[in-house]
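J.: Got a predicted structure plus its sequence, pasted below:
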Amino acid sequence: MATLTARVVPVPVRAGNGRQIVERNFLVYRRSWVVFVSGFFEPVFYLLSIGIGVAQLVGDFTLADGTVIGYAAFVAPAMLASSAMNGAIFDSTYNIFFRMKYAKLYDSMLATPLRPWDVATGEVTWALLRGACYSAMFLLVMLAMGLVESWWAIVALPASVLIGMAFAGAGMALTTFMRSWQDFEFVQLAIMPMFLFSATFYPVETYPAAIRWLVEITPLYQGVVLERAFTTGTVSWSLLANALYLAAMGTLGMYIASRRLGKLLLK
């Protein structure tokens, strides 16, 4: 009599992607929409204080191509770049650290078909979507205040997303090396000088030559150059170098973050 032998055939499991993480974050913030919206107001308050107060005390600025703009129009695109940086950094550092060290969220995620790269891309994508919402609203405020000098400002929104990608990738990579909350003091130590000195409130030509080169290699300066060029219409091919800098920074950060997450959580 023939013997029937049952054989279990493994069902292939489809690898996940970052979309699930974006959906998860959306569902969480849908119940905490006040926290989400609050991130929009800080750069707007800066802009209003400068546009209404400080701009009355400062004269016009002459750009490299001879274009003359008001001080508020000079500072506004830098605020746009800084907003993209701050939103991306804080979303990819403090939030990531809590989920990784305390909520143990990524341990659960990596027990599914999700891979470390999926986690990295999902979190960075969420940070970009959040930053894009803030940037779009900020651009509308600039438009309402008459601080947009060119139709090239349409490209300022994708530029903000690129800035967010760069800082989100770098922030997430650095977070995987953090040991405690005290380590985040180094994040502030890096962010605050960049915000103050990356040609945000005055032209980079103000600096002595010995310091100017140091400012010009900072990540935020690349973003300020892009946003200021697009909102004032002073566009040139040299902007490609600034964009490539930010794209490379974000991609490298995401790669390091995914490798580190795999090493820390898949032991």
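T.: Received the coordinates, thanks. Numbers count the residues shown, from 1 in each chain.

J.: can we go C-alpha only for contacts and neighbour counts from here?
T.: Fine.

J.: quick one: low-confidence parts of this structure?
T.: Along the chain, the model assigns pLDDT under 70 to residues 1-17, 33-39, 51-52, 64, 266-267.

J.: What segments of the protein are helices?
T.: For the chain, applying DSSP state H gives helices covering 19-30, 33-38, 41-52, 71-92, 94-101, 105-109, 116-144, 156-175, 185-197, 209-216, 219-232, 239-265.

J.: Compare the ones you listed and give me the one nearest residue 62.
T.: Proximity to residue 62 (Cα to Cα) singles out helix 71-92 among the helices of the chain, at 9.6 Å.

J.: what helices or strands is the closest one leaning on?
T.: Contacts defined by 3 or more Cα pairs under 8 Å, 6 or more residues apart in numbering; DSSP states H and E place helix 71-92 against helix 41-52, helix 116-144, helix 156-175, helix 219-232.

J.: Now tell me what touches the first one from outside.
T.: When contacts are defined by Cα atoms under 8 Å, 6 or more residues apart in numbering, helix 41-52 is touched by residues 71-72, 75-76, 79-80, 83, 138, 141.

J.: by how many degrees do that helix and helix 71-92 diverge?
T.: Using axes from the mean of the first three to the mean of the last three Cα atoms, to 10 degrees, the inter-axis angle of helix 41-52 relative to helix 71-92 is 170 degrees.

J.: what separates helix 41-52 from the chain centre, distance-wise?
T.: Its chain's C-alpha centre and that of helix 41-52 lie 20 Å apart, by Cα atoms, centre = their mean, to the nearest Å.

J.: Can you give me the buried ones in that helix?
T.: Buried residues in helix 41-52, counted by 16 or more other Cα atoms under 10 Å: 43-44, 47-48, 50-51.

J.: Dump those residues into a markdown table; add distance to residue 146 as well.
T.: Below are the buried residues of helix 41-52 laid out as a markdown table (distance: Cα to Cα, whole Å):
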| residue | distance to residue 146 |
| --- | --- |
| 43 | 17 |
| 44 | 14 |
| 47 | 12 |
| 48 | 12 |
| 50 | 14 |
| 51 | 10 |
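
J.: Can you tell me which of those is closest to residue 113?
T.: Using Cα to Cα, residue 43 is the member of the buried residues of helix 41-52 that lies nearest residue 113, at 39.0 Å.

J.: Before I go, just wanted to say thanks for your time.
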